[in-house]
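Colleague: Could you work out the structure for the sequence below:
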Amino acid sequence: PPPPRGFASAAAARLPAAPLTPEEIKTKSDDIQDAFAEAREEIEAAMEATGTTYFNEEAEYARECVEKVLGEYYALCDALPEGDRAAFQRANGMKMEQLKAELKQIDHAHDDH
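Modeller: Numbering: from 1, shown residues only. Below you'll find the predicted structure:
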């Protein structure tokens, strides 16, 4: 029988990639900072829309922004060598936890109305 779908791509994803250059790391880190700022703005917009007809749309967009920044953050963590990863996580890990907590506030804000 043929192998299950996605097997080859899953195996290929585990192959070590070429190390990131310092420029690539900076670019990806800057992109994460920009995405973090956008996610915070969208969370704020959603909270301001609590109780309005726009809340669900705002909350959904905020969720998408948070998922994007978290995905980029974890992807960069996975791509960094151990020493760089630890430093990057120290510098950014609390911000990612903050986003998760703020996203939970959106979910609870909707429950309250």
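Colleague: going forward, measure contacts and count neighbours with C-alpha atoms only.
Modeller: Noted.
Colleague: Counting by contacts, list what whichever strand or helix holds Glu64 packs against.
Modeller: Using DSSP states H and E, Glu64 sits within helix 55-79. Judged by 3 or more CA pairs under 8 Å, 6 or more residues apart in numbering; DSSP states H and E, helix 55-79 is in contact with helix 22-48, helix 82-111.
Colleague: can you tell me which residue is nearest the centre of this structure?
Modeller: Leu70 (1.5 Å; CA atoms, centre = their mean).
Colleague: Next one: the residue lying closest to it once chain neighbours are set aside from Glu58, what distance?
Modeller: Closest residue to Leu70 apart from its sequence neighbours, by CA to CA, 6 or more residues apart in numbering: Met96 at 6.8 Å. Remark: distance between Met96 and Glu58 (CA to CA, to the nearest Å) = 20 Å.
Colleague: pLDDT value on the residue nearest to Val69 when sequence neighbours are not counted, please?
Modeller: Nearest residue to Val69, sequence neighbours excluded (CA to CA, 6+ apart): Ala35, at 5.5 Å. At Ala35, the pLDDT value in this model is 97.
Colleague: Give me the buried positions along the helix holding Glu64.
Modeller: Buried residues in helix 55-79, counted by 16 or more other CA atoms under 10 Å: 55-56, 58-59, 61-63, 65-67, 69-70, 72-73, 76-77, 79.
Colleague: do you know how far Arg85 is from Phe36?
Modeller: Distance, Arg85 to Phe36, by CA to CA: 18 Å.
Colleague: Phi, psi for Pro81 please.
Modeller: Main-chain dihedrals, Pro81, degrees, to the nearest 10: phi -60, psi 160.
Colleague: Give me the neighbour count for it.
Modeller: Around Pro81 there are 12 other residues, counting by other CA atoms under 10 Å.
Colleague: same deal with Arg85?
Modeller: Arg85: 15 neighbours (other CA under 10 Å).
Colleague: For it, which non-adjacent residue is closest in space?
Modeller: Once flanking residues are discounted, Arg85 sits nearest to Cys77: 5.4 Å by CA to CA, 6+ apart.
Colleague: where does the protein have low pLDDT?
Modeller: 1-17, 110-113 (pLDDT under 70).
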